[in-house]
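A.B. asks: The following comprises the amino acid sequence and a computationally predicted model.
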Amino acid sequence: MTTPPRVAVDDRVPAPAGSVLAIRGGRPLRGRVDVKGAKNLATKAMVATLLGETASTLRDVPDLSDVAVVRSLLEVHGVTVTEGDEPGSLVLDPSEVESAHYEEIDAHAGASRIPILFCGPLLHRLGQAFIPDLGGCRIGDRPIDFHLDALRKFGAVVEKQPSGIRLSAPNGLKGANIHLPYPSVGATEQVLLTAVRAQGVTELRNAAIEPEIMDLIAVLQKMGAIISYEPNRVILIEGVETLRGYDHRAIFDRNEAASWACAALATDGEIFVAGAKQQEMLTFLNVFRKAGGWFDVQEDGILFRREGELKPVIVETDVHPGFMTDWQQPLIVALTQAEGRSIVHETVYENRFGFTQALVKMGADIEVHPHGLQDGPRRVPRRELEQAAVITGPTPLHAADIVVPDLRGGYSHVIAALTAEGESQVSGVDILSRGYEKFLDKLRALGADFDVVR
């Protein structure tokens, strides 16, 4: 690979909230990016430290705003968080955990949905927990009923208040038989974090089995938990009285790895994603290859590039081991340049195609079916909430002024602007700091041509 030219952009500090990028597209992204630990594991492993009696060390922690939110919430509850013995490591000491005031929790929670996962650990440590109103990306209804129903089965008393949810466990928490109506990642994490110190055995059926879930199980087992994964999405947890701290290196962020792979595909570039691993990305790699991508799995990462003309594909998002919903948004940008008709069935969230409006504004031919498509063979069973997007290409993209709607959609808008001819103004890119560490630095390293306008 040739070294990409340096772009004169001063992004050594994160772009300020509400910032705008002026992006000049039409040039391939080439170079190397490094991915650290997955935020979907790191933030949950940080919460797990509340369960331990001694300090924990978490390694490869990404420098993201979501991580900062969890760190702040832990600190207001009395957890001491310090830098570890290597870059990107944190030492978390829960020995002085105490109750926090509502005002402190609300001030630090922001738009994050992570606070709901504090419930089980805080009920074990303090006998009570308070969770403020929950935020997050506007990609559809993400109800917490799965969480609350599970907590009630453990014996928690849930009281909904105007400012949030107050929970207590007057009789302690006891093991339960729980069957999730849908293999929700968040609800599975909730059950794991609650069951490990509940009295008795918990059987969780229809559990999520994402790699990040398996990594969280590994963290809890290091702490002294007894957890076994059975066939057919069944997880058994035998509660223990006490847990200790852990030392763990987080699994790599497969969402970020897939995002950069799609950027290489869309811009006809070549990107080496250091830290990416094949096993956790098998489903993505299959679709990437079918769409005309080429990849080379190496010992320390995966090299991605386009191989000839892009081809149309049919994709159905699903829980692991299916195609992740977080992967479809950047992929759709690339599919606007494919010859023919692609279809993406979104079965996980009911409002995740809003970002396509900006792509249509830039010249893409995308038709969203708000109730899905009835015809054609399907691998993933239909859901009431699903939608479908039909992408017909190739359509040259042209510059436009667009506003970032959410994390993955925002990344997709940036990649679309880098693919398009002309200069685009992309507003609200600060949200990308939730899921992409040193995002502007990485863009510059890949040869992107942009300025931070404000």
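C.D. replies: Thanks, I have the structure now. On a predicted model such as this, the values are computed, not experimentally measured, just so you know.

A.B. asks: From now on I want contacts and neighbour counts done on CA atoms only, so please keep to that.
C.D. replies: OK.

A.B. asks: List the residues that contact Asp60.
C.D. replies: Lys36, Gly37, Pro87, Gly88, Ser89, Arg249, Ala250 (CA atoms under 8 Å, 6 or more residues apart in numbering).

A.B. asks: From these, which land in strands?
C.D. replies: Mapping the contacts of Asp60 onto strands (DSSP state E) picks out Arg249.

A.B. asks: and the contacts of Asp60, which are buried?
C.D. replies: Lys36, Gly37, Gly88, Ser89, Arg249, Ala250 (16 or more other CA atoms under 10 Å).

A.B. asks: ok, back up a step: so which of the contacts of Asp60 is the closest to Ala364?
C.D. replies: Lys36 (32.5 Å; CA to CA).

A.B. asks: Model confidence at the closest one, what's the number?
C.D. replies: pLDDT recorded at Lys36 is 95.

A.B. asks: wait, it sits on Asp253?
C.D. replies: Yes. If you go by CA atoms under 8 Å, Lys36 and Asp253 touch, sitting 6.3 Å apart.

A.B. asks: Mind listing residues that contact stretch 124-133?
C.D. replies: Counting by CA under 8 Å, 6+ apart, 50-51, 97-99, 102, 105-106, 109, 115-116, 118-119, 122-123, 163-170, 172-173, 194, 197-198 sit against stretch 124-133.

A.B. asks: quick revisit: need the buried ones among the contacts of Asp60 in JSON lines with distance to Cys262, can you?
C.D. replies: Formatted as JSON lines, the buried ones among the contacts of Asp60 follow (distance: CA to CA, whole Å):
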{"residue": "Lys36", "distance to Cys262": "18"}
{"residue": "Gly37", "distance to Cys262": "19"}
{"residue": "Gly88", "distance to Cys262": "26"}
{"residue": "Ser89", "distance to Cys262": "29"}
{"residue": "Arg249", "distance to Cys262": "26"}
{"residue": "Ala250", "distance to Cys262": "23"}
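
A.B. asks: For Leu265, state which of those is nearest.
C.D. replies: Nearest to Leu265, judged by CA to CA, of the buried ones among the contacts of Asp60 is Lys36 at 21.6 Å.

A.B. asks: ok, now which ones touch that closest one?
C.D. replies: Asp60, Val61, Pro62, Phe252, Asp253, Gly275.

A.B. asks: could the residues you listed be laid out in JSON lines, adding pLDDT?
C.D. replies: Shown next, in JSON lines, are the contacts of Lys36 (pLDDT from 0 to 100):
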{"residue": "Asp60", "pLDDT": "98"}
{"residue": "Val61", "pLDDT": "98"}
{"residue": "Pro62", "pLDDT": "97"}
{"residue": "Phe252", "pLDDT": "98"}
{"residue": "Asp253", "pLDDT": "97"}
{"residue": "Gly275", "pLDDT": "97"}
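
A.B. asks: Now distance to Ala448 and secondary structure too, for those residues, in TSV please.
C.D. replies: TSV is the format used below for those (distance: CA to CA, whole Å; DSSP: H, G, I helix; E, B strand; the rest coil):
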residue	distance to Ala448	secondary structure
Asp60	26	coil
Val61	26	coil
Pro62	22	coil
Phe252	24	strand
Asp253	22	coil
Gly275	22	coil
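
A.B. asks: quick one: the residue found closest to Ser19 once you drop the neighbours it is linked to in the chain from Gly409, how far?
C.D. replies: The spatial neighbour of Ser19 that comes closest, neighbours along the chain excluded (CA to CA, 6 or more residues apart in numbering), is Arg454 at 5.0 Å. Arg454 sits 21 Å away from Gly409, taking CA to CA, to the nearest Å as the criterion.

A.B. asks: In PDB, could you pull the C-alpha coordinates for stretch 317-331?
C.D. replies: Extracted in PDB, the C-alpha atoms of stretch 317-331 (Å, rounded to 0.1, in the frame of the first residue of the first chain):
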ATOM      1  CA  THR A 317     -30.300  -8.300   9.700                       C
ATOM      2  CA  ASP A 318     -30.600 -10.500  12.700                       C
ATOM      3  CA  VAL A 319     -29.100 -11.300  16.100                       C
ATOM      4  CA  HIS A 320     -25.800 -13.200  16.200                       C
ATOM      5  CA  PRO A 321     -24.800 -15.200  14.300                       C
ATOM      6  CA  GLY A 322     -26.800 -13.300  11.700                       C
ATOM      7  CA  PHE A 323     -25.800 -10.000  10.000                       C
ATOM      8  CA  MET A 324     -25.700  -7.300  12.600                       C
ATOM      9  CA  THR A 325     -28.000  -4.300  12.300                       C
ATOM     10  CA  ASP A 326     -25.000  -2.000  12.900                       C
ATOM     11  CA  TRP A 327     -23.400  -3.300   9.700                       C
ATOM     12  CA  GLN A 328     -26.200  -2.500   7.300                       C
ATOM     13  CA  GLN A 329     -26.000   1.300   7.400                       C
ATOM     14  CA  PRO A 330     -22.400   1.700   6.100                       C
ATOM     15  CA  LEU A 331     -23.000  -1.200   3.700                       C
END
